[in-house]
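1. fold the following and give me the result.
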Amino acid sequence: MSRMLRTAAVAGVGAALALGAAGTARAAEPATGPKLQAKAATCYVWAYQLKNFGGQRACLTGNIKNLAGYTWPNGASADNSFSSLTVDKACQVQLFQYKNYTGAVSTWKRTAHLPGAVRKDTTLSNNKVGDNRTSSVKVYCAADV
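-> You can find the predicted model right below:
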């Protein structure tokens, strides 16, 4: 049984939302594995299902060894489905082609000590991992410590 990412919908794509106390989307916490949560005040990395920040979006707050166990609210698998990304400059993000942090890797290095400035990648097709080829993720943000 796959886990459902309860995330915000963008670009007119409908989705079921689970709203937190601050009125922001939260991802489901799986029984085992990485914990995914989305809070507006603490979300520094957003992955999008479509290019140019379209479709479903999910807040990435930690490491995910295997995206195969997760789905977007529309039922599509989260595995091999990231197409664009926003990353706060206080964070480092690595997308991996295969599960367990293997295969090609695309890295956005931390370039600031405090959160605030955001880097935007409208299409992952020009990165080593590529469009719709991410199967595991590592996220580290200076704001998390």
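
2. can you list the low-confidence ranges for the chain?
-> For the chain, the stretches flagged by pLDDT under 70 are 1-42, 143-145.

3. all strands for it, in order.
-> 3-4, 45-50, 54-59, 70-71, 84-88, 91-98, 102-108, 118-121, 136-141 (DSSP state E).

4. can you give the contact residues for the fifth one?
-> Residues outside strand 84-88 that contact it (C-beta atoms under 8 Å, 6 or more residues apart in numbering): 44-48, 50-54, 93, 95, 108, 112, 115-124, 141, 143. Where C-beta positions appear, they are placed from N, C-alpha and C, glycine not excepted.

5. just the buried ones out of those residues, please.
-> Using 16 or more other C-beta atoms under 10 Å as the burial test, the contacts of strand 84-88 include 44-48, 50-51, 53-54, 93, 95, 108, 115, 119, 121, 124, 141 as buried.

6. for the closest residue to Val139 other than its chain neighbours, give its distance to Val87.
-> Nearest residue to Val139, sequence neighbours excluded (C-beta to C-beta, 6 or more residues apart in numbering): Leu60, at 4.9 Å. Look at Leu60 and Val87: by C-beta to C-beta, to the nearest Å, they are 9 Å apart.

7. which neighbours do these two share?
-> Val45, Val93.

8. correct me, but Ala76 touches Gln49?
-> Yes: the pair Ala76 and Gln49 passes the contact test of C-beta atoms under 8 Å, sitting 7.2 Å apart.

9. ok, these two, which is more surrounded?
-> When Ala76 and Gln49 are compared for neighbours, Gln49 comes out ahead with 26 against 13, by other C-beta atoms under 10 Å.

10. could you check how far the more buried one is from Val129?
-> For Gln49, the distance to Val129 - C-beta to C-beta - is 15 Å.

11. got it, and Asn52?
-> Distance from Asn52 to Val129, by C-beta to C-beta: 18 Å.

12. next: Asp88.
-> Distance, Asp88 to Val129, using C-beta to C-beta: 20 Å.

13. appreciated, that's everything.
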